[in-house]
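Novice: Build me a structure from this.
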Amino acid sequence: MKKILMRSAMPLDGGKNVSEILLHNLIGNNTGNLIFQTSVARTVMTEDVEITTIRTDRVYSDEQVEQWNAEYDLFLIPLANAFRITFMAELRILTNLVKRMKIPCVVVGVGMARKVNSRKWKFRYDDEAVAFTRAVLEKSPMVGLRGEITAEYLKRKGFVPEKDFTVIGCPSMYMYGDRLPELQKTELTPASKVTMNFKSTQIPRLYRFLRAQGELFEHSVFVTQLLDEIQTLYVGEPFFDKELKKTIPEDYPMHFTSPLMRENRIAGVVDIPSWFSYLRGQDFNFGSRIHGNIAAILSGTPCYIIAGDCRVKELAQYHHIPHITVNDVTEETSVFSLYEQADYGQLFVGHSERLSRYLDFLDKSGVPHISREAMSGRDTPFDRRFGSREGAGIIEPFPVVSPEEQERRLAEYFRAYRNIRQTQAEALETRNRRAAALQEEVQALRRELAEIKSSRFYKMKNKYDAFRKR
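Specialist: Next comes the predicted model:
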């Protein structure tokens, strides 16, 4: 049996209710993380592979790391755009963890953050990105990158293409191996069932465009993947603080007076089965979130990406997902015309070659995986173990659900919250008892030392030492 340690906030078996997912942040702030992490797990879980997930947003003791070194054969690290300012602290923690590991450490799909038309190649996160890459290369042959922009970045930092790194895209696109669902295009009308995705920190011009395009459809739904926003939908807790609120558009639909909220045109997702099932019932999906659109592709729903930054752009380019950038948007741009122009041919034609490149990377990195044929099937070890689990369903806004549902959600949420507080209190009490015991031990040692110093032998020794110094 080969044992693999894998980075993921969500345990593979799920097994948590919505409140536990939110309060423990088991989606790593964004449900999109679950797609590429699940895809990696599905690919590497053979009949004789066991996977244990860990978080990397905390520092582990040397004892814990040594236990992992003794027990596991490989540390697998699926990542998104980890080369970014807001991830610097965790990247330092992760780098330190990799340095302490004695087992191979393999990075699957890391990318960088950069403005869509930026020509910069120097960033505040440079030191962290370089240190992390070097640490990983001490434990594995090469690093798997999301796209060509990140490849150019590492090349400029002194790393060698196809020796230190290779581009593999996003593992999420290889969820079903060669078997990409067929995307059925129909006539798009204002009455079509359409889902959209965007974020509160969007470039204002892109945000306004996406919101305006959504209003062209009678029943368009905004699907949010973000932890705080889903929490607002689930129990009505406002997700923004005073400082964050200053940067958010006034009409951002996360308050109870929002038309989208009142009309039940916002949906939250916290698991893949519910997300994919919902998107299968849509005619079209568009927006700026990469995994919000990849989720549509994997569900068999046509999509179109309007990229607001390079992390989205490089993946859309690599996988040939129909897209434009925010700079391509004009007053004449319409999702109707984008839908008509969308060509999914290269997405399918080049997919097999990209999958081969991905599997070749896993082989060179010593990562076990199921066969290519098995990936394209529906009876993998992962499917048999976790495929039958039910999702939580689509989360509708708190104000529009029934009073009974509101009561159920609040009861569940605060029960989970109390359990967390109780666990924290017990842990604090345990630490306090240990601290008190250590303090007593220190006092006992001090008393013992005082007795030694007051002993006749100690005094004679001091006189002897003084005599020798004369």
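
Novice: can you list the weak-confidence ranges in the stretch 151-300 of the chain?
Specialist: Scanning the stretch 151-300 of the chain for pLDDT under 70 picks out 239-246.

Novice: which residues in it form helices?
Specialist: Here the stretch 151-300 of the chain has its helices, by DSSP state H, counting those that start in this stretch, at 204-214, 227-235, 242-245, 259-262, 272-280, 290-299.

Novice: Export those helices as TSV, with columns for distance to G109 and mean neighbour count.
Specialist: Placement of C-beta: from N, CA and C, glycine included. As requested, the helices of the stretch 151-300 of the chain are exported to TSV (distance: least, C-beta to C-beta, whole Å; neighbours: other C-beta atoms under 10 Å):
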stretch	distance to G109	mean neighbour count
helix 204-214	24	18
helix 227-235	21	22
helix 242-245	29	10
helix 259-262	32	16
helix 272-280	17	20
helix 290-299	12	26
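
Novice: Can you lay out these as TSV showing distance to P11?
Specialist: TSV is the format used below for the helices of the stretch 151-300 of the chain (distance: least, C-beta to C-beta, whole Å):
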stretch	distance to P11
helix 204-214	33
helix 227-235	17
helix 242-245	29
helix 259-262	31
helix 272-280	14
helix 290-299	20
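
Novice: Backbone dihedrals for R446, both of them.
Specialist: phi -60, psi -40 (degrees, to the nearest 10).

Novice: err, N30, not the other one
Specialist: Per degrees, to the nearest 10, the backbone of N30 is at phi -150, psi 120.

Novice: and it, how many neighbours?
Specialist: 17 (other C-beta atoms under 10 Å).

Novice: Report the separation between it and L445.
Specialist: 50 Å (C-beta to C-beta, to the nearest Å).

Novice: List the buried residues for stretch 90-97?
Specialist: Neighbour counts over stretch 90-97 (16 or more other C-beta atoms under 10 Å) mark E90, L91, I93, L94, T95, N96, L97 as buried.

Novice: Next, the fourth one: secondary structure please.
Specialist: For L94, the secondary structure call by DSSP: H, G, I helix; E, B strand; the rest coil comes out as helix.

Novice: Need the three-state assignment for the closest residue in space to it that isn't next to it in sequence.
Specialist: Leaving aside its chain neighbours, L94 sits nearest to T56 (4.7 Å; criterion: C-beta to C-beta, 6 or more residues apart in numbering). Counting by three-state DSSP, the backbone at T56 sits in coil.

Novice: List the residues that contact T56.
Specialist: Counting by C-beta atoms under 8 Å, 6 or more residues apart in numbering, T56 touches R7, I77, E90, I93, L94, L97.

Novice: hmm, try it at 7 Å
Specialist: Counting by C-beta atoms under 7 Å, 6 or more residues apart in numbering, T56 makes contact with R7, E90, I93, L94, L97.

Novice: Report the two of those residues separated the most.
Specialist: R7 and I93 (11.4 Å; C-beta to C-beta).

Novice: what about the stretch 351-470 of the chain, any weak spots by pLDDT?
Specialist: Short version for the stretch 351-470 of the chain, where the test is pLDDT under 70: 453, 456-464, 466-470.

Novice: what about the strands in it?
Specialist: For the stretch 351-470 of the chain, strands defined by DSSP state E, counting those that start in this stretch do not occur.

Novice: How far off centre is stretch 220-235?
Specialist: Mean-position distance between stretch 220-235 and its chain equals 16 Å (C-alpha atoms, centre = their mean, to the nearest Å).

Novice: Can you pull out the residues in contact with it?
Specialist: So stretch 220-235 is in contact with 18, 22, 25, 27, 29-32, 194-197, 199, 214, 237-239, 253-254, 260, 265-270, 289, 292, 395, 397-398, 409-410, 413, going by C-beta under 7 Å, 6+ apart.

Novice: Report the buried members of those residues.
Specialist: 18, 22, 27, 30-32, 194-197, 199, 214, 239, 253-254, 260, 265-270, 289, 292, 395, 397-398, 409, 413.

Novice: hey, C-alpha coordinates of stretch 60-76 in CSV?
Specialist: Coordinates of each C-alpha in stretch 60-76 appear next as CSV, following Å, rounded to 0.1, in the frame of the first residue of the first chain:
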residue,chain,number,x,y,z
TYR,A,60,3.1,21.8,12.1
SER,A,61,5.4,20.5,14.9
ASP,A,62,8.7,18.7,14.1
GLU,A,63,7.2,15.6,15.7
GLN,A,64,4.2,15.7,13.3
VAL,A,65,6.4,16.2,10.3
GLU,A,66,8.7,13.3,11.4
GLN,A,67,5.6,11.1,11.7
TRP,A,68,4.6,11.9,8.2
ASN,A,69,8.1,11.3,6.9
ALA,A,70,8.0,7.8,8.5
GLU,A,71,4.5,7.0,7.5
TYR,A,72,4.0,8.4,3.9
ASP,A,73,5.7,7.9,0.6
LEU,A,74,4.8,11.2,-1.1
PHE,A,75,3.5,14.7,-0.4
LEU,A,76,1.2,15.8,-3.3
